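Asks: Give me coordinates for this.
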Amino acid sequence: MENRILAKLTIKGNWNALKGKLKQKYSQLADDDLLYIVGKENELVSRLEKRLGKTAEQVIDIVEELQIEITQIQSEQIRKANQEEANRPKMTEPVTGQQQTNTGTKSNKMSDQEIGERAETGQPKIPDLESLETEESPETDKE
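Replies: I've put the predicted structure just below:
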C-alpha cells in the first residue's frame, strides 16, 4: 500500500466566490462536487480529484491559485474604490456673509458705487439683508 502524504487544503475567504471560480473554470463540476464542510477539506479534495482527473496536489494547487486570483481581484476593487473616493470632490461648508468669486471674496452688501449706479439708471435701491434685520418694520393700520 502506497503511503501518500497529502498537503493540507486551507479554504480562505469567501467559499461562494471560490466555488463560482471553480465552476467557471471546470464546467463539469456539479454542486455536489463542491460541497464544502469545514474540517472535511480532504473529502472535497477527493471529490475534485475524481471529477477532474487530477492528483490531490494538483487540486490543492488549483484551489490555491484561484484563491490568490480572487484576493487580487478584491484588492483591485478596493484600490479602485479608494481612488474614486479620493478623486471625489469634497463637500464644502455653505458660504455665509460673503460669496467666493473667481476674482476673490465679495461682500453681499452693495457698495456705495453700486448704489449710485442703480440710482442713475432709475433702478430702486436694494437694501442689504443686515439692514433689514436691524430696522424695525413700520406698523400697519388695521381699521
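Asks: For stretch 45-64, buried residues please.
Replies: 45, 47-49, 51-52, 54, 56, 59-60, 62-63 (16 or more other Cβ atoms under 10 Å). Placement of C-beta: from N, CA and C, glycine included.
Asks: cool, and stretch 63-83?
Replies: Applying 16+ other Cβ under 10 Å to stretch 63-83 flags 63, 66-67, 70 as buried.
Asks: Narrow those residues to those in helices?
Replies: Judged by DSSP state H, these include 63, 66-67, 70 as members of helices.
Asks: As TSV, those residues with pLDDT would be great.
Replies: Below are these laid out as TSV (pLDDT from 0 to 100):
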residue	pLDDT
63	93
66	93
67	92
70	91
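Asks: circling back to that earlier point, now, the buried residues of stretch 45-64 that are in strands?
Replies: Using DSSP state E, no member of the buried residues of stretch 45-64 sits in strands.
Asks: which of these sit farthest apart?
Replies: With distances taken as Cβ to Cβ, the most widely separated pair in the buried residues of stretch 45-64 is 51 and 60, at 14.7 Å.
Asks: Check which helices and strands the helix or strand hosting residue 20 is in contact with.
Replies: Per DSSP states H and E: residue 20 is located in helix 15-25. Helix 15-25 sits against helix 56-87, with contacts defined as 3 or more Cβ pairs under 8 Å, 6 or more residues apart in numbering; DSSP states H and E.
Asks: For the protein, give me the ranges with low pLDDT.
Replies: Within the chain, the segments meeting pLDDT under 70 span 1-7, 93-143.
Asks: In space, what's closest to residue 19 - neighbours in sequence excluded?
Replies: residue 34 (4.9 Å; Cβ to Cβ, 6 or more residues apart in numbering).
Asks: Mind telling me what element the one you found is part of?
Replies: For residue 34, there is no helix or strand it lies in under DSSP H and E.
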